[in-house]
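Asker: Pasting the sequence and the predicted model now:
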Amino acid sequence: MTATTLASRLLEVIESDILPLTERGVAGGNKVFGAAILDKSDLSVVIAGTNDETDNPLWHGEINTLRQFYELPDRPTTQDLVFLTTHEPCTLCMSAITWAGFDNYYYFYSHEDSRDSFAIPHDLKILKEVFGLDPGGYRRTNAFWTAYAIGDLIEGAPEPLRVRLLEQRDRIRRRYDALSVQYQDRKGDNDIPLN
Ligand SMILES: [Zn+2]
């Protein structure tokens with residue numbers, strides 16, 4: 001599995017597997033965050049999920065996906081899996097990924113994007129208030145896992161693939177832009193503590 005193959009496949013999973021779930025989730029008043037778990041060997045999707053905080057404020061996209069993963073009757077070991085998340089995980093989800101035994105996660109949007117483009121500043125605020133960390137201050141490579149930005153994989157791709165991946169990235173971004181407007185317009189109606 002090359003980094004380029006991986007970037008292309010992760011974007012495809014966001015578009016085809018995660019976004020349809022998130023479009024339904026946001027229509028129900030939930031945030032835009034989603035995730036998927038893939039098999040390292042063939043990059044097939046084991047499960048995809050999306051945020052369901054209107055049901056439970058702990059059901060972030062990643063946690064809700066993990067919850068459903070652990071309900072599967074027959075599941076692979078997490079060491080053999082890739083964890084894909086649409087947005088760089090918050091401290092809750094980062095810990096859940098750690099406790100579940102994954103050695104990686106890949107994210108599409110950064111914490112700064114969540115704050116600046118999605119009006120969701122809570123990830124960075126918790127890192128600062130609880131852990132005293134500035135943006136980018138946590139250890140992206142540590143004894144448990146390595147965190148990868150999909151944007152870095154795209155930038156490392158050879159031409160003309162890089163341009164094609166950038167087009168795909170922008171197409172995905174447009175769908176998230178619309179979803180974010182939809183969530184923000186209606187979030188005054190929900191009782192999610194950190195909305
Ligand atoms: Zn989270």
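Answerer: Received it, and whenever you're ready, just let me know what you need. Numbering: from 1, shown residues only.

Asker: which parts of the protein sit against the ion?
Answerer: 60, 90, 92, 93 (C-beta under 5 Å from the ion). For the C-beta atoms, the positions are set from N, CA and C on the backbone; glycine is no exception.

Asker: quick one: which of those is most hemmed in?
Answerer: By neighbour count, taken as other C-beta atoms under 10 Å, the most surrounded of these turns out to be residue 60 (27 neighbours).

Asker: Could you look up the SS state of residue 29?
Answerer: coil (DSSP: H, G, I helix; E, B strand; the rest coil).

Asker: is residue 35 in a bridge, and if so with what?
Answerer: Beta-bridge partners for residue 35, by DSSP bridges, are residue 49, residue 85.

Asker: I'd like the residues of the chain next to the ion laid out as a markdown table, including pLDDT and secondary structure.
Answerer: Shown next, in a markdown table, are those (pLDDT from 0 to 100; DSSP: H, G, I helix; E, B strand; the rest coil):
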| residue | pLDDT | secondary structure |
| --- | --- | --- |
| 60 | 98 | coil |
| 90 | 98 | coil |
| 92 | 98 | helix |
| 93 | 98 | helix |
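
Asker: Which member of those is positioned nearest residue 38?
Answerer: residue 93 (16.8 Å; C-beta to C-beta).
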